[in-house]
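Chemist: return a 3D structure for these sequence lines:
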Amino acid sequence: MDVEREIWKHLGYPTGEKPDAEVSAMIARALDELSTLAEFRYLHAEYTVLPDFLRDHEGYSGYLSGADSVVLCATTLGAGIDRRVQRLQLTEMAYAVVFNTAAGVWLEECADQYEKRLPYPPLGFRFCPGYNGTPLSDAREIARLLRAERIGITFLDSGLMVPSKSMVGVMRVGGSAHKSCAGCVAADACRFRQQGRTCYDSER
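Modeler: Numbers count the residues shown, from 1 in each chain. Next up is the predicted model:
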């Protein structure tokens, strides 16, 4: 992943268009801050027998077709990122937006690089609850199975994860499923699709 270009995309810049000098400076500043503030942590566990929640919803079946096993994962950048965003929102709103966007991309990149080192080739893309109509509440089940509180991940009553820059998901070992906008819960309102793009660049 080209982290800087991915941040441009998530900030809404059209393909091929670069931010101006002011925004570019804020992106560079955000990446520099993240390199010291982010406390990346990651948990995973392999299951050769599918956990119940994966058998209870047909939305997982296509993704898991042909898989030899599944890996559940949970990852976070830590509570310090949320505290930094909250402070910035009081003093530098424009930079707060850039920093928050950069943090989301940073988490994805850290997770991608970590997963490349896992001994499960070929490992599928992260399938997060909500994709393909699967219940968002499954995030709690993944966190429970992994005991994600060990890396500081908890849930509000609303179901939102804390820290906000956290992810949980499922990865197939084997199989050949590909990412598709058709399976995304946000497809109808997706600004990337409206621009003729996707939020992802390539398959693993």
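Chemist: helices of this structure, start to end?
Modeler: All helices of the chain, identified by DSSP state H, fall at 3-10, 21-37, 52-55, 61-64, 79-91, 93-116, 138-146, 191-194.
Chemist: and the third one, what does it pack against?
Modeler: Going back to what we said before, that points to helix 52-55. helix 138-146 (3 or more C-beta pairs under 8 Å, 6 or more residues apart in numbering; DSSP states H and E). C-beta here means a position set from N, CA and C on the backbone, and glycine is covered the same way.
Chemist: mean confidence for the helix it packs on?
Modeler: For helix 138-146, mean pLDDT is 98.
Chemist: show the pLDDT at residue 174.
Modeler: In this model, residue 174 carries a pLDDT of 88.
Chemist: tell me the pLDDT of the spatially closest residue to it that is not a sequence neighbour.
Modeler: Nearest-residue entry for residue 174: residue 68, 4.0 Å, with adjacent residues in sequence omitted and distances by C-beta to C-beta, 6 or more residues apart in numbering. Note on residue 68: pLDDT of 92.
Chemist: worst average pLDDT in the helices of the chain?
Modeler: helix 191-194 (a mean of 54).
Chemist: I'd say the residue nearest to residue 174 and residue 123 touch.
Modeler: No. Taking C-beta atoms under 8 Å as the definition, residue 68 is not a contact partner of residue 123, at 10.8 Å.
Chemist: next, show the common contact partners of those two.
Modeler: Between them, residue 68 and residue 123 share these contacting residues under C-beta atoms under 8 Å, 6 or more residues apart in numbering: residue 173.
Chemist: comparing those two, which shows the higher neighbour count?
Modeler: In this comparison of residue 68 against residue 123, neighbours counted by other C-beta atoms under 10 Å, the higher total goes to residue 123 at 16 against 12.
Chemist: you'd agree the more buried one is up against residue 173?
Modeler: Yes. In this structure residue 123 lies within contact range of residue 173 using C-beta under 8 Å: 6.1 Å.
Chemist: joint contacts of these two?
Modeler: Listed contacts common to residue 123 and residue 173 are residue 71; contacts here mean C-beta under 8 Å, 6+ apart.
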